[in-house]
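> Sequence first, predicted coordinates after that:
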Amino acid sequence: MAEFDSEDAILSAARLLRARDGIRLEAYTPYRVEGMREALGHSRTRLARAVFWAGLAGAGVGYAMQWWTSAVDFPLDSGGRPPHSAPAFVPIAFELTVLFAALTAFLAAILRSGLPRLWQPVFEIEGFERASIDRFWLKVGVHAADQPELAQELTRAGALRVVEAGGLR
Amino acid sequence: MTPPGREALADRFPLSGPLPSDERALTDLLLEPVQRPAGGARMALLALAAFGTLALFGALGWTFAIGVGTWGNNIPVGWAFGITNFVWWIGIGHAGTFISAILLLFEQSWRTSINRMAEAMTLFAVANAALFPVAHLGRPWFAYWLLPYPATMGVWPNFRSPLVFDVFAISTYGLVSLLFWYLGLVPDFAAARERCRSPRQRFWYGVFALGWRGASRDWERYRKAYFLLGGLAAPLVVSVHSVVSLDFAVTQVPGWHGTLFPPYFVAGAIFSGFAMVLTLLLPARKALGLENVITKRHLDSMSKILLVTGLIVAYSYGVEYFGAWYKGERYEAWTYFNLRPTGRYRVDFWLMVTCNVLVPQLLWSERVCTTPLLLWPVAVLVNVGMWMERFVIIAVSLTQDYVPSAWADYSPTWVDYSLLFGSMGFFVFLFLLFIRWVPSIPIVEMRELRAEHRHGAHRGART
């Protein structure tokens, strides 16, 4: 783990290491750093796709519920309207689209990030709390043999300090 | 190139005052309100608001114990204060979503320092709004009949009724607003977890931060989810007040039956909501010493939206009257040309016109827009006017509809007044607890904004 004091420093360090073989990178930052995903070589999040399908499911469930209850299970004559009154079913189908999509977006963001989990292994690192305030931490996963060399390299790249954190994946 | 007028505005009213350049100091500054105990004035206000809260729940208890007969409602005026309060509160909530979702999608950076408070306002307004239709049911313990559950009688809700649309719209709206607000708060709770002094605060902020660590993958998902929630909330807010307006528009009551209602109500909702945001923000900004974060620029921008939506509302009044005249329908003409301006409730009507059409015209003056002491009364009067608008539409229209033998006057009882003023107390009570316990300025978004500015300046220097 290496601590940096600016987003430019951590970005250039990440870009430097990214091309190497057998290195896994992750960054911990106080806010979302523009360009960090590309610098770390991570793939795009698939959250939007999940939300889209959830929204579609919400629309389907909403409409099917109204159709089945009002036209199939208990046809109710309300002012002579047809039991399957499609235009009147639109608002609730829309509300359920939003509800399903929003719940999916929220839960995906929280659960896929491994939350809620009050204790995280990275919290054990001395000074890591500043990752939520003003410092930028880069986690570099490598074999033990490469470590001393890498620490020097990170320091040259502008790291304030490099901490060895065994057992962190 | 920025247009010359815009550049001048940014020069005259910068987006932020002098703030500490160090991120740690900025975080501490924004966390100050949750660290420092409230002063005497705020505690006095809290006590007053707590009294209002008691009045609200006392009156609700009275209503539940004895029945809606304790209200001034009668036949034909079956909908009066209760539904007026409901529409008023739900409309107020809409500005919060407008600020946090629609301005987020349009990348209006001035939203950043006010969105948290506006979202909190939305939540508390929706919480208040939801009380009234349930209390108004008469037998609120049967509220679940509105939900589609497999009942032994085999019946289902009538899904063609806008009142059932309301159940889905309001509950979705409340939940989505809560998720949006909480998701925005998670990284700020993480900052509070690290910077607060008392162990108890560190513990609770730690719990609510859910173990947020700011990993890059998490940020990517988080941002995407936040934007999508914004994108979902924006049409939601339009649908909610459209559905509320359908409660009236689908009936045949003169004064309710208008195709104009959905856009008219949505504009009115955002209008009243911005007025409430200003009503809360102006004192909060002073009390918390946030003049450098919520600047005159913010006040100016909000005033402009207030003026624009006010003009839309004024135009809608005009169209309503044009319709009443052009249709040549005598019952509707009676409602619009006799009952409202000259009838028993003419004071409410003219108060509505004064507060919603005339008073906002003061906002053409830049001095009014940027001087809190001048702007606050305007905002409060708009709130009054918008309550009157709902009362005039809902209750006054019902007093005299078709057959004169079925006409009746309406006068509220002490329970009605306790519910109205009590709900205001409850609203202020929740808001005061919020600014004391929750980071009320989005810390992380402020950081991002500053990072963007640094980069902008950097790029500017290079080229």
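Sure thing, it's come through. Every value quoted in this text rests on a predicted model; they were computed, and no experiment measured them.
> Please make it C-alpha for all contacts and neighbour counts, starting now.
OK.
> where do the strands sit along chain A?
All strands of chain A, identified by DSSP state E, fall at A:2-4, A:24-28, A:136-141, A:161-162.
> now the stretch 301-450 of chain B
Remark: no strands are assigned in the stretch 301-450 of chain B by DSSP state E, counting those that start in this stretch.
> just to revisit the earlier point, same list (the strands of chain A) but as JSON lines, adding mean neighbour count and mean pLDDT.
JSON lines is the format used below for the strands of chain A (neighbours: other CA atoms under 10 Å in any protein chain shown; pLDDT from 0 to 100):
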{"stretch": "strand A:2-4", "mean neighbour count": "24", "mean pLDDT": "81"}
{"stretch": "strand A:24-28", "mean neighbour count": "22", "mean pLDDT": "82"}
{"stretch": "strand A:136-141", "mean neighbour count": "24", "mean pLDDT": "80"}
{"stretch": "strand A:161-162", "mean neighbour count": "16", "mean pLDDT": "79"}
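> For chain B, find the nearest of the ones you listed.
Closest approach to chain B among the strands of chain A (CA to the nearest CA): strand A:24-28, 4.3 Å.
> In terms of secondary structure, what does that closest one contact?
helix A:36-40, strand A:136-141, helix B:216-249 (3 or more CA pairs under 8 Å, 6 or more residues apart in numbering or on different chains; DSSP states H and E).
> Contacts for the helix or strand of chain A with the lowest mean pLDDT, please.
Ranked by mean pLDDT, DSSP states H and E, the weakest helix or strand in chain A is helix A:147-156, scoring a mean of 76. Helix A:147-156 is contacted from outside by A:A2, A:A13, A:R161, A:V162, using CA atoms under 8 Å, 6 or more residues apart in numbering or on different chains.
> try 10 Å
A:1-4, A:10, A:13-14, A:16-17, A:138, A:140-142, A:157, A:159-164 (CA atoms under 10 Å, 6 or more residues apart in numbering or on different chains).
> just the helices in the stretch 151-300 of chain B please.
For the stretch 151-300 of chain B, the helices defined by DSSP state H, counting those that start in this stretch occupy B:162-195, B:199-208, B:216-249, B:261-287, B:296-327.
> Need the ones you listed in a markdown table (columns: distance to chain A).
Converted to a markdown table, these look like this (distance: least, CA to the nearest CA, whole Å):
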| stretch | distance to chain A |
| --- | --- |
| helix B:162-195 | 5 |
| helix B:199-208 | 6 |
| helix B:216-249 | 5 |
| helix B:261-287 | 13 |
| helix B:296-327 | 23 |
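> Give me the subset of the contacts of helix A:147-156 that also touch chain B.
Residues of those in contact with chain B (CA under 10 Å from any CA of the partner chain): A:L138.
> still on that earlier bit, reformat the helices and strands packed on strand A:24-28 as CSV; add distance to A:L107.
Listed next are the helices and strands packed on strand A:24-28 as CSV, based on distance: least, CA to CA, whole Å:
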stretch, distance to A:L107
helix A:36-40, 21
strand A:136-141, 26
helix B:216-249, 9
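> and of those, who's closest to B:F168?
helix B:216-249 (9.2 Å; CA to CA).
> which one is the residue in the stretch 251-400 of chain B positioned nearest to chain A nearest to, not counting chain neighbours?
In the stretch 251-400 of chain B, no residue comes nearer to chain A than B:T251, which is 12.3 Å away by CA to the nearest CA. Take B:T251 and drop its neighbours on the chain: the residue closest to it by CA to CA, 6 or more residues apart in numbering or on different chains is B:H257, 5.9 Å away.
> I figured the one you found hits B:T335, correct?
No: B:H257 is not in contact with B:T335 according to CA atoms under 10 Å; the separation is 11.6 Å.
> higher neighbour count, the two?
Using other CA atoms under 10 Å in any protein chain shown as the criterion, B:H257 and B:T335 rank with B:T335 on top: 25 against 17.
> so who does B:Y402 touch?
So B:Y402 contacts B:Q252, B:V253, B:P254, B:R330, B:Y331, B:E332, B:W334, B:T335 (CA under 10 Å, 6+ apart).
> ditto for B:D348
So B:D348 contacts B:R340, B:P341, B:T354, B:V384, B:G385, B:W387, B:M388, B:E389, B:F391, B:V392, B:V396 (CA under 10 Å, 6+ apart).
> Recalculate using a threshold of 7 Å.
The contact partners of B:D348, by CA atoms under 7 Å, 6 or more residues apart in numbering or on different chains, come to B:M388, B:V392.
> for B:G211, same thing?
Shown in contact with B:G211 (CA under 7 Å, 6+ apart): A:L115, A:P116, A:R117, A:L118, A:W119, A:Q120.
> filter these to the buried ones?
Listed as buried from the contacts of B:G211 are A:L115; burial here means 16 or more other CA atoms under 10 Å in any protein chain shown.
> The contacts of B:G211: which ones sit near chain B?
Applying CA under 7 Å from any CA of the partner chain, the subset of these adjacent to chain B comprises A:L115, A:P116, A:R117, A:L118, A:W119, A:Q120.
> Using a markdown table, lay out the residues you listed together with distance to B:R42 and pLDDT.
Output for the ones next to chain B among the contacts of B:G211, formatted as a markdown table (distance: CA to CA, whole Å; pLDDT from 0 to 100):
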| residue | distance to B:R42 | pLDDT |
| --- | --- | --- |
| A:L115 | 36 | 79 |
| A:P116 | 34 | 82 |
| A:R117 | 36 | 83 |
| A:L118 | 34 | 80 |
| A:W119 | 36 | 80 |
| A:Q120 | 38 | 79 |
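> got any ranges where chain B has weak pLDDT?
Residue ranges of chain B with pLDDT under 70: B:1-12, B:456-463.
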